[in-house]
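Undergrad: My questions are about this predicted structure, shown below with the sequence.
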Amino acid sequence: MKKKTEIGLIKMKQKPQTLVNLEKGRYFKSSYEYYKEWMDRYKDTPEREIPIMERVGIYCMVYSMLEDRLETFWWNCSFIHKWDVIPSVDNPRLKRPPKRKEWEKRIIPKKIRQTGSYANQLEKNGKITKELKTRLNRSDDDRREIIHRNMFNMKDVTKDHIEELIDLFREFDKLLKKHKKKHSDKFEKS
């Protein structure tokens, strides 16, 4: 009997799009607690003595947290401020803002799901500083090298890389909360 495989099917689960805020919050809380526990365990440990795979695992988890905050902030700004981000089916050069249903269900076309373009649009529209964009881009460049050339670069992941990601996560989390509070009336259903 042939075993069923899960390979290639993870994206079909559509997380985080299908999660309610409470569920999402649990993921963030448990991930952050795991990060804190890990940092406490290794706070006085030299880098070379921390298992490489643990460093890479924590790095990936924290990057995922950051990327979600960044994407959520950008998506909310795109919806609230009616940024033209969704390419037209007929003419990809023509763009339009997300519709409420797309925004609510977080239907973001795959072609525009890119950290770099989020940062560019947020800076261009005055939602983040040039300095924050530069920090984000530098971390994204590191991520690309760490993930795509892992066998060569995994030993280079440091606690500093991880702490920078947490700092960026916190900054985007604050920006997101401030934006939601400022525009709370627009987030409610019409």
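TA: Happy to help now that I have it. Numbers count the residues shown, from 1 in each chain.
Undergrad: Tell me where the protein has strands.
TA: For the chain, the strands defined by DSSP state E cover 86-87, 95-96.
Undergrad: how about the CA coordinates for the helix or strand of the chain with the lowest mean pLDDT, as CSV?
TA: Among the helices and strands of the chain, helix 150-153 carries the lowest confidence by mean pLDDT, DSSP states H and E, at a mean of 82. Taking C-alpha atoms only, helix 150-153 is exported to CSV below (Å, rounded to 0.1, in the frame of the first residue of the first chain):
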residue,chain,number,x,y,z
ASN,A,150,22.0,27.1,3.9
MET,A,151,24.7,24.4,3.8
PHE,A,152,27.3,27.2,3.3
ASN,A,153,25.9,29.9,5.6
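Undergrad: Report the contact partners of residue 140.
TA: By Cβ atoms under 8 Å, 6 or more residues apart in numbering, the contact list for residue 140 reads 115-116, 119. C-beta coordinates here come from the backbone N, C-alpha and C atoms, glycine included.
Undergrad: one more time with 10 Å
TA: Contacts for residue 140 (Cβ atoms under 10 Å, 6 or more residues apart in numbering) come out as 63, 66-67, 70, 114-116, 118-119, 168.
Undergrad: With residue 183 instead?
TA: 76-77, 79-81.
Undergrad: what two of the contacts of residue 140 are the furthest from one another?
TA: 114 and 168 (16.3 Å; Cβ to Cβ).
Undergrad: So these two - more neighbours on which side?
TA: residue 168 (23 against 12; other Cβ atoms under 10 Å).
Undergrad: What about residue 91, how many residues nearby?
TA: Residues near residue 91, counting by other Cβ under 10 Å: 8.
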